[in-house]
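Undergrad: The amino acid sequence is not available; the structure is as follows:
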């Protein structure tokens with residue numbers, strides 16, 4: 001109970017602005033504090049928040065102002081608060097508690113990415129139709145929702161995102177785009193769709209690699225075949241002067257991919273900027289079957305690199 005003489009000098013709690021993570025609380029002071037007086041003559045307010053599990057209150061704010069915003073709250077959750085007043089006379093009073101609920105969290109990029117990760121077409125459409133989320137919002141790895149859908153092979157999701165304006169040629173900070181990722185993961189239907197939407201197979205990432213390099217690294221024959229039919233240069237070079245055939249010799253030793261590239265016209269004796277050939281690298285990596293194929297298809301074991309080693 002409040003002392004009778006003090007009860008009218010301050011008002012109880014009122015709820016102000018509410019968001020999905022904050023609640024503003026206000027209260028009144030009928031008799032203005034004379035701020036030129038010593039602090040011991042000021043009216044002090046203590047705001048407490050209820051712990052619904054323990055049924056106890058804890059102090060969250062103490063001061064002489066009449067407004068406080070409680071932050072970092074959970075969305076769609078009810079919270080209870082009470083106000084304790086201490087007057088200059090030393091007398092104290094607890095005013096009746098008040099409850100308020102935070103709002104539902106607004107749609108954001110996390111909702112969009114989660115819908116893609118779950119391959120949830122309905123949720124994806126709901127988020128996009130809200131017009132509250134940027135369609136190309138990146139995640140922590142700098143992948144857009146379209147890139148994530150591409151890597152998953154979520155074809156219908158890819159189509160939905162593109163219809164809502166997703167940029168098929170947008171790149172990550174390292175220069176990767178959606179077509180490169182689709183080629184690496186071997187999703188031919190996605191590759192075909194992206195190409196029909198204007199994705200460029202000649203686009204380069206930070207190392208100078210293009211879609212054909214990524215397809216060779218992923219080892220996906222249908223994608224490789226489609227890209228070469230689509231006009232990709234079979235001996236296209238990256239910044240290290242590696243062709244797709246060199247990528248195979250360096251990374252995978254995949255004989256099927258190597259055979260397809262060679263049949264399409266790949267140069268078995270191509271040299272990178274250090275003078276290495278696919279045969280040299282295949283030997284160093286102990287890719288015995290690839291070495292045999294390269295020799296059978298005309299690789300020259302006598303070519304020397306820059307340090308004159310064959």
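TA: Nice, I can see it. Quick caveat, the model's predicted, so the values are computed rather than measured. Numbers count the residues shown, from 1 in each chain.
Undergrad: Now do the same contact list for residue 246.
TA: 270, 272, 276, 278, 281 (C-beta atoms under 8 Å, 6 or more residues apart in numbering). Just so you know, the C-beta spots here come from the backbone N, C-alpha and C atoms, and that holds for glycine as well.
Undergrad: Leaving out chain neighbours, which residue sits closest to residue 283?
TA: residue 291 (5.8 Å; C-beta to C-beta, 6 or more residues apart in numbering).
Undergrad: Report the secondary structure state of that neighbour.
TA: helix (DSSP: H, G, I helix; E, B strand; the rest coil).
Undergrad: Surely it is in contact with residue 284?
TA: No - applying C-beta atoms under 8 Å as the test, residue 291 and residue 284 come out as separate, 10.1 Å apart.
Undergrad: Neighbour count for the contacts of residue 246 - can I get that in a markdown table?
TA: Below are the contacts of residue 246 laid out as a markdown table (neighbours: other C-beta atoms under 10 Å):
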| residue | neighbour count |
| --- | --- |
| 270 | 18 |
| 272 | 20 |
| 276 | 22 |
| 278 | 32 |
| 281 | 23 |
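Undergrad: for the stretch 1-150 of the chain, what spans make up the strands?
TA: 14-18, 23-26, 44-51, 56-63, 67-70, 78-86, 92-94, 98-101 (DSSP state E, counting those that start in this stretch).
Undergrad: Can you lay out the contacts of residue 246 as a markdown table showing pLDDT?
TA: Converted to a markdown table, the contacts of residue 246 look like this (pLDDT from 0 to 100):
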| residue | pLDDT |
| --- | --- |
| 270 | 94 |
| 272 | 91 |
| 276 | 92 |
| 278 | 95 |
| 281 | 95 |
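Undergrad: Select from these every entry located in helices.
TA: If you go by DSSP state H, those have 278, 281 in helices.
Undergrad: in this protein, which ranges drop under the pLDDT threshold?
TA: Across the chain, residues meeting the criterion (pLDDT under 70) sit at 1-11, 30-33, 35, 305-310.
Undergrad: Who are the contact partners of the residue most central in space within the chain?
TA: Computing the C-alpha centroid of the chain and ranking residues by C-alpha atoms, centre = their mean puts residue 139 first, at 0.8 Å. Listed by C-beta under 8 Å, 6+ apart, the contact partners of residue 139 are 109, 113, 148.
Undergrad: Now render those residues as JSON lines, adding distance to residue 71 and neighbour count.
TA: Shown next, in JSON lines, are these (distance: C-beta to C-beta, whole Å; neighbours: other C-beta atoms under 10 Å):
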{"residue": "109", "distance to residue 71": "21", "neighbour count": "17"}
{"residue": "113", "distance to residue 71": "25", "neighbour count": "21"}
{"residue": "148", "distance to residue 71": "31", "neighbour count": "22"}
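Undergrad: ends of stretch 105-123, how far apart?
TA: 15 Å (C-alpha to C-alpha, to the nearest Å).
Undergrad: That should have said stretch 234-251, apologies.
TA: End-to-end distance for stretch 234-251, by C-alpha to C-alpha: 17 Å.
Undergrad: Pull out the buried positions in that stretch.
TA: By 16 or more other C-beta atoms under 10 Å, the buried positions in stretch 234-251 come out as 234, 236-238, 242-251.
Undergrad: Stretch 190-204 too?
TA: So stretch 190-204, judged by 16+ other C-beta under 10 Å, has buried residues 190-191, 193-195, 197, 199, 201, 203-204.
Undergrad: Just give me how far that stretch sits from the chain centre.
TA: Stretch 190-204 has its average C-alpha position 22 Å from the chain's average C-alpha position, going by C-alpha atoms, centre = their mean, to the nearest Å.
Undergrad: start to end distance for that stretch?
TA: Stretch 190-204 has an end-to-end distance of 19 Å (criterion: C-alpha to C-alpha).
Undergrad: contact partners of it?
TA: 150, 153, 155, 158-159, 162, 168-169, 171, 175, 177-180, 182-183, 210-212, 223, 226-227, 230-232, 236, 238.
Undergrad: Can you say which of the residues you listed are buried?
TA: Counted by 16+ other C-beta under 10 Å, the contacts of stretch 190-204 give 150, 153, 155, 158-159, 162, 168, 171, 177-180, 182-183, 210-212, 223, 226-227, 232, 236, 238 as buried.
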